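A.B. asks: below are the sequence and a predicted model for it; my questions follow.
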Amino acid sequence: MEESIILRREPLLAQQENPSSLINHLYIGHFLARWSARMWEFSVGLYMINIWPDSLLYAAIYGAIESASIALFGPIIGRWVDKLSYVKVLQLWLVTQNLSFVVAGATVVSLLVNSSLKFTNFPVFISLVLIINICGGIGVLSTLAGQPPELLTKMNSVTRRIDLSCKLLAPVITGFIISFVSLKASAITLALWNTVSVWVEYWLFTSVYNGIPALAQSSQRRMARLSQSDQERNNPTLEEDSLLSVTGGTSELANRKCSKKLSQKISEIPYIAAWRVYLKQEVALPGLALALLFFTVLSFGTLMTATLEWEGIPAYVIGLGRGISAVIGIAATLVYPVLQSHISSIRTGLWSVWSQDLVPESDRLIVGGVQNSLQSLMDLLAYVMGIIISDPREFWKLTLLSCLAVTSAAVLYCIHVYQVRKHIFHFDRLIWGKCFVGES
């Protein structure tokens, strides 16, 4: 609550000089970054099923490595990035992600040109795509500071709309390139796009950082708090020092102090510390429900795309199908601001807004890292099932498991709604069709 008050007192983007141009720079940079990711996300399944036909095994192995990298390194990256300045995070994120896409695209071209390389260079290929996914789980938007929840909600809605627009258009354009030119041409396009866009993205994001002093001030405050907390943990308390001087350092007190330090060291292990922060948040249960939605093969991911390609469906048709599914998501971002102004956020169920409104600024990167790792863990389990059930003719079994996971997510979210509101529906209003009118 205190953090929210502090956020409201800080300068707003609306009060900065040329706020619209800075916001446009942010949106354009976000578009370029998400377009690259969506191109690769759609294409990799088609690459794998063409390099290793008649099996989902290699597509599932890629997906498992992608998800495992984020699940394993998500909490560590969240805590590590939390100690860096905005500019350092920006440099590492842009250079690593774009360079990884360039190298991965070049590797795909070599595998497609010479099919024998799939045996000699397969470990190299997997290592390169692993680099992509280690960096893919952490974004720079969560470092935006000094904004009230209303503005953060608006920006999240727009950036989500940009992401879904890329999800709509990138697969369609990539599908046409694959269908009417070649797979190799699409991989070359991916590599060239990232080579050029990395410089544009860096200029756009740095202009936003330099134009919003609140970002630099927030970064300095966060690093100062971390430095102060480190000093407090490293220095013994005055009470412990006085006890040691009076007792002369008895073995009992020494053992107690050693035990306390050991427990503190264990709690400071990156994985444990990050999860402790996450579980204290109000968004933990709906976050788990959100993660369960990632245990699916019905979201036009790598496995579904590879299966449709195996069925003989042209790449541009797959891209159009994926685009239609994205239209529904885009419509949701247009409807959300209207719904949020009339009903509570819990009824709309937009977790990304809660992570801004309900999570303290100092914990957002950590909570985001854990949430990404949890989602990737569920994504990993889906790909593990794809490795076990790798025959495309048995894809229906994976579909059934996906339906069960989505149902479980709905149950968990209903539990959270009941805990917060003490009811799920206004049955008296439901009778008259007014369930979602007004506040509880």
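C.D. replies: Received, thanks.

A.B. asks: only C-alpha atoms from now on, for both contacts and neighbour counts.
C.D. replies: OK.

A.B. asks: who are the contact partners of F295?
C.D. replies: Contacts for F295 (CA atoms under 8 Å, 6 or more residues apart in numbering) come out as M378, D379, L380, L381, A382, S402, A405, V406.

A.B. asks: make it 6 Å
C.D. replies: M378, D379, A382 (CA atoms under 6 Å, 6 or more residues apart in numbering).

A.B. asks: identify the residues contacting stretch 402-418?
C.D. replies: Here stretch 402-418 has contacts from P286, A289, L292, L293, T296, I424, using CA under 6 Å, 6+ apart.

A.B. asks: report the lowest-confidence entry in the contacts of F295.
C.D. replies: Across those, the smallest pLDDT goes to D379, namely 85.

A.B. asks: quick check: W275 vs V370, distance?
C.D. replies: Distance, W275 to V370, using CA to CA, to the nearest Å: 7 Å.

A.B. asks: and those two? Which one has more around it.
C.D. replies: Applying other CA atoms under 10 Å to W275 and V370 shows that V370 carries more neighbours, namely 30 against 18.

A.B. asks: that older thread, and the buried ones among the contacts of stretch 402-418, selectable in PyMOL?
C.D. replies: This is the PyMOL syntax for the buried subset of the contacts of stretch 402-418, where burial follows 16 or more other CA atoms under 10 Å:
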select buried, resi 286+289+292+293+296
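
A.B. asks: out of the contacts of stretch 402-418, which comes closest to I173?
C.D. replies: Distance ranking of those against I173, using CA to CA, places T296 first at 25.0 Å.

A.B. asks: excluding chain neighbours, what is closest to that closest one?
C.D. replies: S402 (4.4 Å; CA to CA, 6 or more residues apart in numbering).

A.B. asks: what about that neighbour, neighbour count?
C.D. replies: S402: 21 neighbours (other CA under 10 Å).

A.B. asks: quick check: which element contains it?
C.D. replies: Take DSSP states H and E as the rule and S402 turns out to sit in helix 395-421.

A.B. asks: one more: L298?
C.D. replies: With DSSP H and E as the test, L298 turns up in no helix or strand.

A.B. asks: heads up, I number from 9, so please use that
C.D. replies: Right, with 9 as the first residue, what we last looked at is L306.

A.B. asks: burial count for it?
C.D. replies: L306, neighbours per other CA under 10 Å, totals 15.

A.B. asks: and the one 3 residues further on, by the same measure?
C.D. replies: Around G309 sit 19 other residues, with neighbours defined as other CA under 10 Å.

A.B. asks: how is the nearest residue to A292 once chain neighbours are set aside assigned, secondary-structure-wise?
C.D. replies: Distances taken as CA to CA, 6+ apart place Y286 nearest to A292, at 6.5 Å, with adjacent residues excluded. Three-state call for Y286 (DSSP: H, G, I helix; E, B strand; the rest coil): helix.

A.B. asks: follow-up on the earlier one: distance check, the residue nearest to T304 against E290.
C.D. replies: Taken as CA to CA, the span from S410 to E290 is 26 Å.

A.B. asks: can you check I181 too?
C.D. replies: 41 Å.

A.B. asks: same question, M56
C.D. replies: 40 Å.

A.B. asks: of these two, which one has the most company?
C.D. replies: M56 (23 against 15).

A.B. asks: what's near enough to touch the more buried one?
C.D. replies: A67.

A.B. asks: any idea of the pLDDT on it?
C.D. replies: pLDDT, read off for M56, is 79.

A.B. asks: buried ones in the helix or strand where it lies, by neighbour count?
C.D. replies: Assigned by DSSP H and E, M56 belongs to helix 27-59. By 16+ other CA under 10 Å, the buried positions in helix 27-59 come out as 27, 30-31, 33-59.

A.B. asks: go on, stretch 422-430?
C.D. replies: C422, I423, H424, V425.

A.B. asks: quick one: these as JSON lines, columns for pLDDT and distance to Y217 too.
C.D. replies: Below are the buried residues of stretch 422-430 laid out as JSON lines (pLDDT from 0 to 100; distance: CA to CA, whole Å):
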{"residue": "C422", "pLDDT": "81", "distance to Y217": "40"}
{"residue": "I423", "pLDDT": "83", "distance to Y217": "40"}
{"residue": "H424", "pLDDT": "75", "distance to Y217": "37"}
{"residue": "V425", "pLDDT": "74", "distance to Y217": "37"}
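
A.B. asks: what is the nearest of the contacts of stretch 410-426 to E317?
C.D. replies: T304 (18.2 Å).

A.B. asks: who does the helix or strand hosting I338 touch, helix- and strand-wise?
C.D. replies: If you go by DSSP H and E, I338 is part of helix 323-350. Packed against helix 323-350 by the contact rule (3 or more CA pairs under 6 Å, 6 or more residues apart in numbering; DSSP states H and E) you find helix 157-188.

A.B. asks: what about the closest residue to D62 other than its chain neighbours, how many neighbours?
C.D. replies: Once flanking residues are discounted, D62 sits nearest to W318: 6.8 Å by CA to CA, 6+ apart. By other CA under 10 Å, the residues close to W318 number 19.
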